[in-house]
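Student: Starting from these lines, generate the structure:
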Amino acid sequence: MRNNQQLPIKLYIQNMVCLCSKIAVAAELGKMDVNYTSLELGEVNLENPITKKQRAHLKIALHEYGFELMNNNKVILVEKIIDTVIKMIYQSDEFPDTSFSIYLAKKLNKDYHTLSTLFSDTKGITIEHFIILHKIERVKELIIEDKLSLSEISYQLNYSSAAHLSRQFKKITGLTPSSYKDVKHKKRINLENL
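Tutor: Next comes the predicted model:
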């Protein structure tokens, strides 16, 4: 009966980054008749524990989507850092009033130095640089949407000023925000002419 030993009710899944990820995981859980109470990016709370056999089956099924069912607590914590940053930048209406280090430490209930060291050792990049890269990606999306001014974007993403955003944007992309907008606009026009 070793295969039927029941495993924990919380699962951690690496590489879930969007709504489509959640849909895929929900579909796989449904195929296995595994019920869950909540499904978030990177984390699923099950109604009942699953067996080792079910876990092995789920691991293989999720791997087909590029997801990894995680075991290691350090890997799980790094994934929680990533998920927290992504939610903060892409899904939150407002940035925290505190610094990112205080926000992450509170959110994950861990000392920031511990989080920072673990993240750098695992990913080869600092949390700060990871946040900057994702903020710039979000800035690109908002520039292309063309609904907000650069000042509004800088305020929304918690930059001290539009000038600060512009300097950081140019440092990462090699373009100013307005140049980036022009390039993307020209590409759209060229595609429309095909």
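Student: Run through the residues that contact S38.
Tutor: Contacts were defined as Cβ atoms under 8 Å, 6 or more residues apart in numbering; by that measure S38 touches 44-45. In this view, the C-beta of every residue, glycine as well, is placed from N, C-alpha and C.
Student: Run through the chain and note the low-pLDDT ranges.
Tutor: By pLDDT under 70, the low-scoring segments of the chain are 1-8, 93-94, 186-194.
Student: Give the next helix or strand downstream of the strand or helix carrying E152.
Tutor: Assigning secondary structure by DSSP states H and E places E152 in helix 150-156. Counting by DSSP H and E, the next helix or strand C-terminal to helix 150-156 is helix 162-173.
Student: can you pull the buried residues of that next one?
Tutor: For helix 162-173, burial by neighbour count (16 or more other Cβ atoms under 10 Å) applies to 162, 165-166, 168-169, 172-173.
Student: would you list these in JSON lines and tack on distance to A26?
Tutor: JSON lines is the format used below for those (distance: Cβ to Cβ, whole Å):
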{"residue": "A162", "distance to A26": "40"}
{"residue": "L165", "distance to A26": "37"}
{"residue": "S166", "distance to A26": "41"}
{"residue": "Q168", "distance to A26": "37"}
{"residue": "F169", "distance to A26": "36"}
{"residue": "I172", "distance to A26": "35"}
{"residue": "T173", "distance to A26": "35"}
